[in-house]
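Trainee: no sequence on hand, only this structure:
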């Protein structure tokens, strides 16, 4: 287990460096000059050059990448202008290690932006995750145990609707009617859990439902399919024949076998969602990592794009690693080596 | 009024057009019902926004919304445009922090303004001539104070380096400080600007906050971007949070006796920019609770347009936008370097197809002038061959060009559903004249960046673009789009996307800039517009469109000031409470 974890962590670090280097390379291969984005309306060539210098894009790509990497370990000062750093220290923003960079479009360090956005994405992801896991898995079990009956058809049909409706539509309907028109819940804005847990939940219930409605659908189908298959296995029949209680058979023998594929899917979905639910965050104007990603891409904000790519890929790789480790606990046949 | 704004505006207008036509509404673009109402002091005005503020630093503000809001709340300028009584009225250039609108020397190369007594910063210290001088100097620090207007660099009598940059590097490096100190001088409360060339409308340029005061001891470079330090009726309470907003409260050191422009009626102004435009308009149209006290500077998004008339009757404003959409014909392309080919394209352009695709002439008007009808310089150049164009006449011109028929052309435009339809309609007219048109839609966020890349110099024969004046003078249209000296370099074409490079035209720009009589100057700009459109065929103007806004039921005095910025003017706004 220990060496497995170490090996995976090393591969995470290597992969992150490869991803960030590729992001840098792709960014500079683009025919679009990022300096133009913050150059203003009447952007003459000489003004553009000054702008490029202000952003640090006048330096060779390798130098920029080197500064980015060194910032992760020793921190950086912004603007990256030696004259200002020496003569006008009060104009300088220090970004301590691990410094993810400085956003020229938002005029602050990416660490600050991520620290602000991350709790929002985490809150949305965790709440939605719990909601879809509970409804999706329990729905799947009920459907499987009532295969062919009205309960099965009802749950599978609802799941199909949930899967078919795009999140932006569900989100917009929930925002327009329960929040804006009827006022049943507040128009969502983020309240930290530590500040007011009730308001936190009240403001996030609509985004949770929006995401859960979509994700639960696939878990219903996944759980139902595996449950039907498992419940026809010989060992289940044996357990039933031996007179083991029905719920014990379902949960201890049936569900445990179904958990492996569910945990795999859940790990990947949660990992991806922790990096920001782009559409849901945009519909509900919640400025999590997904919103930040959209904003940084549309403004060609390279430092933020690189940092977010790094964070999101880290979440996904770590989620994969956790899933692998969890396998060892839920399925004794799996050995981590 | 940045390009990004233009993109949003066009999308909005197109969407409005579609919505209106789809609903069969007989909405007409007229002055809204928001004529200035009875003033009611007190209360909280809420500003809902779906677009993020890039800058509040006065020298970096270059978006109409922030020029409007910054000037009316906390950043007084030497001159400004006064509020108007109703939507669409022309505003007058008036003194703001200065005692008058400035005096110009006989040769048009020296402007003087005297700062009023009694104007104070929010900490109670007097606003001085040196504060204005320091503010202007920051524009020259182009590697620190980025994104703002560069009129100070363009106008002031400070030599240029070989690469075209200013010999003055701004107040941080101080390189060339003596040159700046000669060009801008303070004598008591009088500030004098020496121009490189006669500049008849410099006192219109000084309406921009880029010419506003900035106190040197408060300057923290890039860190000052959102650090608002007020000399107007409101000051920021606490700090500004990017993408979220802030709250403005009364500045107790603002003396209304020094200010004839701003009524400053609400006690408090909250600015929430954490929304999407869709959410913002859902809330504005619903108008529930605090949202009844709200206005916005965002255009109604496509999704909200169908509900604007029915959902917010008497609370919406539809006014002419300050923008013109046009085509630039690329002088670097093999085809469009031929004047007969350019003439043929101009003759074959079917603006009626554009208007129809965009929803009809109630919301979009065909034009053959680059200068917007809202500007005094608007020449109202007649269409060369009516709205529909004349493919037969165009074919004659194209045949005379000597090019092999059909003449293949690449036409690029900012891609969206409406523009796809628009350009499909235009293509029919061009192809009928003998062109073989290849349409290339480029995603909105990459559009202007692609056009301005040197790699694109010969790729596109014809390109779509949009532009609005910075202040109501064509001095901010013709030179910005067609002066090859400031626009074209090895780094790209600036806004001169068609690489129009005409020494005689550049000389005419200088001559026009020097005219001090406003009427004569604007007439001369109009003539240059007509020349470039009907003689050189470098530009094919297409349409002018509309702005659509919604406000809360309790908001009074919200009038769109087209002369100033084209947005609701905060000067007279109040909330019923």
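Mentor: Cool, the structure landed. Since we're looking at a predicted model, the values are computed, not measured.

Trainee: show me the strands in chain A, by range?
Mentor: A:76-78, A:93-95, A:102-103, A:108-109 (DSSP state E).

Trainee: which of those strands is buried the deepest?
Mentor: Most buried of these, by mean neighbour count (mean count of other C-beta atoms under 10 Å in any protein chain shown): strand A:102-103, with a mean of 25. Using the backbone N, CA and C atoms, a C-beta is placed for each residue, glycine as well.

Trainee: how many neighbours does the residue in chain B positioned nearest to chain A have?
Mentor: In chain B, no residue comes nearer to chain A than residue B:142, which is 3.0 Å away by C-beta to the nearest C-beta. The tally of other residues near residue B:142 (other C-beta atoms under 10 Å in any protein chain shown) stands at 26.

Trainee: so which of the strands of chain A gets nearest residue A:330?
Mentor: Closest approach to residue A:330 among the strands of chain A (C-beta to C-beta): strand A:108-109, 40.4 Å.

Trainee: what comes into contact with stretch B:207-214?
Mentor: Outside stretch B:207-214, the residues within contact range by C-beta atoms under 8 Å, 6 or more residues apart in numbering or on different chains are B:58-59, B:61-62, B:66-67, B:70-71, B:75-81, B:93, B:96-97, B:127-128, B:131-132, B:134-136, B:138-139, B:148-149, B:151-152, B:205, B:231, B:470-471, B:564.

Trainee: and for stretch A:198-212?
Mentor: By C-beta under 8 Å, 6+ apart, the residues outside stretch A:198-212 that reach it are A:123-124, A:127-128, A:131-132, A:135-136, A:167, A:170-171, A:174-175, A:178-179, A:185-186, A:188-193, A:273, A:277, A:280-281, A:283-284, A:286.

Trainee: which residues of the stretch 351-500 of chain B fall in helices?
Mentor: Listed in chain order, the helices found in the stretch 351-500 of chain B under DSSP state H, counting those that start in this stretch are B:351-357, B:391-400, B:417-432, B:444-451, B:478-482, B:484-487.

Trainee: packing partners for the following helix or strand past the last one?
Mentor: Proceeding C-terminally, helix B:484-487 gives way to helix B:503-513 as the next helix or strand, assigned by DSSP states H and E. For helix B:503-513, the contact count by 3 or more C-beta pairs under 8 Å, 6 or more residues apart in numbering or on different chains; DSSP states H and E identifies helix B:478-482, helix B:518-530 as packing neighbours.

Trainee: and among these, the most buried is which?
Mentor: Ranked by average neighbour count under the criterion mean count of other C-beta under 10 Å, the helices and strands packed on helix B:503-513 are headed by helix B:478-482 at a mean of 24.

Trainee: and it with chain A, contact?
Mentor: Yes - using C-beta under 8 Å from any C-beta of the partner chain, helix B:478-482 comes into contact with chain A via residue B:480.

Trainee: average model confidence for that helix?
Mentor: For helix B:478-482, the per-residue pLDDT values average out at 94.

Trainee: same question, stretch A:284-303
Mentor: Stretch A:284-303 carries an average pLDDT of 86.

Trainee: list the buried residues for it?
Mentor: A:284-293, A:295-296, A:299-303 (16 or more other C-beta atoms under 10 Å in any protein chain shown).

Trainee: same list, those residues, but only the ones touching chain B.
Mentor: Counting by C-beta under 8 Å from any C-beta, the members of these that reach chain B are A:284-285, A:287, A:295, A:300.

Trainee: where does pLDDT dip in the chain?
Mentor: With no chain named, the answer covers chain A. Counting by pLDDT under 70, chain A contains low-confidence residues at A:31, A:332-337.

Trainee: was after chain B, sorry
Mentor: Of all residues in chain B, those with pLDDT under 70 make up the ranges B:1-39, B:359, B:362, B:445.

Trainee: give me that answer again for 50
Mentor: Filtered on pLDDT under 50, chain B yields the residue ranges B:1-37.

Trainee: most distant residue from the centre of it?
Mentor: Taking C-alpha atoms, centre = their mean as the measure, the residue most remote from the mean C-alpha position of chain B is residue B:404, 40.7 Å away.

Trainee: quick one, helices of the stretch 1-150 of chain A?
Mentor: In chain order, the stretch 1-150 of chain A shows helices spanning A:2-29, A:45-55, A:61-74, A:82-87, A:110-145, A:150-164, with DSSP H, counting those that start in this stretch as the criterion.
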